[in-house]
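Chemist: Requesting a structural model of the entry that follows:
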Amino acid sequence: MTDILLPSSVTTPTLHFSSRASQLHQKVQNSSVQPFFWTNRQKSWTPEQFSSIAKGLYSTVPNASHIPNGVIMGKLQGKVAVITGGATGIGRAAAKRFIEEGAIVFIFGRRQAELDAAVADLGPNARAVKGSISDLADLDRLYAAVKAERGTLDIVFANAGAGSPLPLGKITAEHIDETFDTNVKGTIFTVQKALPLMGKGGSIILTGSSAGTTGAPTMSVYSASKAAVRNLARTWAEDLKGTGIRVNVLSPGATATELAKAALGEEGQKVYAVMTPLQRMADPAEIGAAAAFLASDDSSFMTASELAVDGGLAQI
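Modeler: Have a look, this model is predicted:
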């Protein structure tokens, strides 16, 4: 954050200052610097110049007149997002973070009770659509709802996925179909059906996995499906040249979602924790924060990339 020093005579919306700025301001007050100038290290502007610029900035923000003094705009302010698998776990944590950053979020999932609970918790900027990413008609309903209410779409977080252990020698055709229908086919159509609503500045985030890099015992089909997801981002970045739409993969390691904690128990969680250099599982909020980074302009020069948020599990 740039340290800004303002004289008391400047009337602008309330700004948040760093402690460093406060210290420097005190030094300026006790020095020979004229009080009618402020500085951002390199430039000196009059209060009138600053006020004009501030008004110009606020005039570009939709509904700026309704923004209370002191409020800092979120990184996703005014954006519209879809999050599949958004009712629980990583998806819900991402939805919470997106909304905190100013987005309107449509969460998509199969279980109505979980969707209702998520919307009640997330507040008025959350919407819910029931359906499965394996059902193309359900995806059509999702994007019809987005188009009807918002008209356009800025962010797609293709997060829904499935996986279960089955070792080589016991793998069935049904097991392969179930995993790939969700993780690969479902991801492909989640993104493809979103494209007509997206434009320049759009961000697509695919949920990968550390298993897609390292492999995991009994999880060969799941690991293969996540390796496929990684390659989709590489290929789609080429397909999307010239559109201004970015696509990246977010690959978590073991994450302490409610489902994972119930499935693993305390001992199982400890086993996964000691596998990482950080000696713990991820909090879903940490994965949600990484998703918000990929959704925002902070990652504007990233596409075809994989962001590993795995505590170092697949990195060493």
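
Chemist: Strands along this protein, start to end?
Modeler: Secondary structure of the chain (DSSP state E): strands at 38-39, 44-45, 80-84, 104-109, 126-130, 155-158, 203-207, 246-252, 306-309.

Chemist: Out of the ones you listed, flag the one nearest Q269.
Modeler: Closest approach to Q269 among the strands of the chain (C-beta to C-beta): strand 246-252, 14.8 Å. (Each C-beta comes from the backbone N, C-alpha and C, glycine too.)

Chemist: Put together CSV for the strands of the chain, with mean neighbour count and distance to G186 on each row.
Modeler: Output for these, formatted as CSV (neighbours: other C-beta atoms under 10 Å; distance: least, C-beta to C-beta, whole Å):
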stretch, mean neighbour count, distance to G186
strand 38-39, 18, 54
strand 44-45, 14, 53
strand 80-84, 27, 8
strand 104-109, 26, 11
strand 126-130, 21, 15
strand 155-158, 28, 8
strand 203-207, 26, 11
strand 246-252, 25, 15
strand 306-309, 19, 19
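
Chemist: Using TSV, lay out the ones you listed together with distance to F189 and mean pLDDT.
Modeler: TSV is the format used below for the strands of the chain (distance: least, C-beta to C-beta, whole Å; pLDDT from 0 to 100):
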stretch	distance to F189	mean pLDDT
strand 38-39	53	34
strand 44-45	52	46
strand 80-84	11	99
strand 104-109	12	98
strand 126-130	15	98
strand 155-158	10	99
strand 203-207	13	99
strand 246-252	15	98
strand 306-309	21	98
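
Chemist: Among those strands, which comes closest to I188?
Modeler: Judged by C-beta to C-beta, the one of the strands of the chain that comes nearest to I188 is strand 155-158, at 8.9 Å.

Chemist: Which secondary structure elements does that closest one sit against?
Modeler: strand 80-84, helix 89-100, helix 187-192, strand 203-207, helix 284-295 (3 or more C-beta pairs under 8 Å, 6 or more residues apart in numbering; DSSP states H and E).

Chemist: What strands flank the first one, and is each parallel or antiparallel?
Modeler: Listed by DSSP bridges, the sheet partners of strand 80-84 and their directions read strand 104-109 (parallel), strand 155-158 (parallel).

Chemist: quick one, which of the strands of the chain is nearest to E238?
Modeler: strand 246-252 (10.0 Å).

Chemist: hang on, the earlier thing: looking at the strands of the chain, which is closest to A273?
Modeler: strand 246-252 (14.2 Å).

Chemist: now the angle from that closest one to helix 89-100?
Modeler: Computed by axes from the mean of the first three to the mean of the last three C-alpha atoms, to 10 degrees, the angle separating strand 246-252 from helix 89-100 equals 130 degrees.
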